[in-house]
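Sequence and computational prediction follow.
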Amino acid sequence: MRRQVSGHYDGASSWDNIEATARGGSARRSWYGNAPGGYTNLNPQMLRAMKILAKQGYSFHVTSIAGASHSRGSRHYAGLAFDVDRINGIKVGYGSPYWRKFLNRCRELGATETKGPGDSGHSRHVHAAWPR
Ligand SMILES: [Zn+2]
């Protein structure tokens with residue numbers, strides 16, 4: 001995603017984070033809300049998992065990696081987490097398909113914190129985070 005869900009264009013969108021990392025740089029964090037600003041590196045295990053998920057046929061819409069405002073101390077700020085609001089073209093919601101299997105795959109690929117519909121604040125997106 002090229003902008004934040006919040007509507008901010010701050011150079012810290014998931015698109016910006018991936019592009020900066022592909023160039024060998026660091027990923028920018030947002031400066032609003034709880035976000036601490038500055039930069040971080042994206043975790044290689046997380047990136048590898050994203051690539052594997054895509055290779056295995058998942059298409060997913062990444063709303064945030066290191067950018068945006070999350071809870072204080074969130075693993076997003078350390079480049080260890082990503083959020084997804086659409087999987088295989090379908091919006092994430094309690095009754096929607098794909099997201100449970102998607103999160104299972106994330107855990108198999110090393111994620112140690114996964115959240116989705118049914119978890120507080122995650123009714124419309126899934127969150128997968130890798131260990132610090
Ligand atoms: Zn998240």
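Looks like it came in fine.

Quick check: longest helix in this protein by residues?
In the chain, ranked by residue count with DSSP state H as the criterion, the top helix is helix 44-55.

Let me know the next secondary structure element after it.
From helix 44-55 onward toward the C-terminus, using DSSP states H and E, the following helix or strand is strand 60-64.

who's whichever residue of the chain sits closest to the ion bridged to?
For the chain and the ion, the shortest gap (C-beta to the ion) falls at His127, measuring 3.3 Å. Just so you know, the C-beta spots here come from the backbone N, C-alpha and C atoms, and that holds for glycine as well. Per DSSP bridges, the residues bridged to His127 are Asp83, Lys115.

Per-residue pLDDT of it, please?
Per-residue confidence for His127 comes out at a pLDDT of 98.

what sits against it?
81-83, 113-116 (C-beta atoms under 8 Å, 6 or more residues apart in numbering).

again, 10 Å this time
His127 is in contact with 63-64, 70, 74-76, 81-84, 103, 106, 111, 113-116, 119, 121, counting by C-beta atoms under 10 Å, 6 or more residues apart in numbering.

do the same with Ala49
Contact analysis of Ala49 by C-beta under 10 Å, 6+ apart lists 43, 82, 105-111, 128, 130.

Then Pro97?
Taking C-beta under 10 Å, 6+ apart as the test, what Pro97 contacts is 87-88, 90.

how about the helices of the protein, start to end?
Remark: helices assigned in the chain by DSSP H are 14-22, 44-55, 99-108.

Return the residues in contact with the residue of the chain positioned farthest from its centre.
Each residue of the chain has a distance to the centre, and by C-alpha atoms, centre = their mean the biggest one is for Gly95: 20.9 Å. Taking C-beta under 10 Å, 6+ apart as the criterion, Gly95 is in contact with Pro117.

Is Lys115 in contact with Arg107, as I believe?
No. Using C-beta atoms under 10 Å, Lys115 is not in contact with Arg107; the gap is 11.7 Å.

Find residues that contact each of those two.
Ala128.

Which one of the two is surrounded by more residues?
Between Lys115 and Arg107, counting by other C-beta atoms under 10 Å, Lys115 is the more crowded of the two (17 against 13).
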